[in-house]
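In: Quick one: sequence and predicted model below, then my questions.
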Amino acid sequence: MDMLDRLEQVIRDRRQGDPATSYVAKLTARGRAKIAQKVGEEATETVIAAIRDDRAELTGEAADLIFHLLVLLADAGVTLDEVRAELARREGVSGIDEKAARPRA
Ligand SMILES: N=c1c2ncn([C@@H]3O[C@H](COP(=O)(O)OP(=O)(O)OP(=O)(O)O)[C@@H](O)[C@H]3O)c2ncn1[C@@H]1O[C@H](COP(=O)(O)O)[C@@H](O)[C@H]1O
């Protein structure tokens, strides 16, 4: 089990926790739109750090982005293994295009 798998498990465990003591529980209680908004904010901060060429800031913002994306995926019931399977599928797609990259329903 790698770091991301462990974090995914912690997020699953904390979702129904006490919002007073758990950030995951607090953000989850605010609803899907708020979680998605946070992902958008963290993505923007990641982009800004990359454009500024600030390596340390980019690393921190990337961690924030991945964490919030995992919270969003958990809320939507999408697992990291499903995302891995999609990426693995694309490994076999030559000259990937938008249609080929889109997950199959
Ligand atoms: N990786 C993280 C992680 N990264 C960032 N954050 C929190 O994300 C929040 C982001 O701060 P912001 O100012 O953007 O958000 P905010 O203060 O809620 O303000 P709003 O914009 O939402 O109104 C901070 O409170 C950070 O502490 C995280 N909180 C938790 N984790 C992991 O999740 C696990 C479970 O956390 P709890 O649910 O708190 O137990 C922890 O053990 C960590 O491994």
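Out: Yep, that arrived.
In: name the helices or strands packed onto the helix ranked longest in the chain?
Out: Longest helix in the chain by number of residues (criterion: DSSP state H): helix 55-76. On a contact count with 3 or more Cβ pairs under 8 Å, 6 or more residues apart in numbering; DSSP states H and E, helix 55-76 meets helix 3-14, helix 23-29, helix 32-51, helix 80-91. To be clear about C-beta, it is placed using only N, CA and C from the backbone, and glycine gets the same treatment.
In: What is the burial count for residue 33?
Out: Taking other Cβ atoms under 10 Å as the neighbour definition, residue 33 ends up with a count of 8.
In: how many neighbours does residue 19 have?
Out: Taking other Cβ under 10 Å as the neighbour definition, residue 19 ends up with a count of 14.
In: make that residue 68, sorry
Out: By other Cβ under 10 Å, the residues close to residue 68 number 20.
In: show me the contacts for the residue nearest the centre of the chain.
Out: In the chain, the residue lying closest to the centroid (Cα atoms, centre = their mean) is residue 69, at 1.8 Å. When contacts are counted by Cβ atoms under 8 Å, 6 or more residues apart in numbering, residue 69 is found next to residue 39.
In: Now residue 16: closest residue in space that isn't a chain neighbour?
Out: Closest residue to residue 16 in three dimensions, ignoring its sequence neighbours and counting by Cβ to Cβ, 6 or more residues apart in numbering: residue 25, at 6.9 Å.
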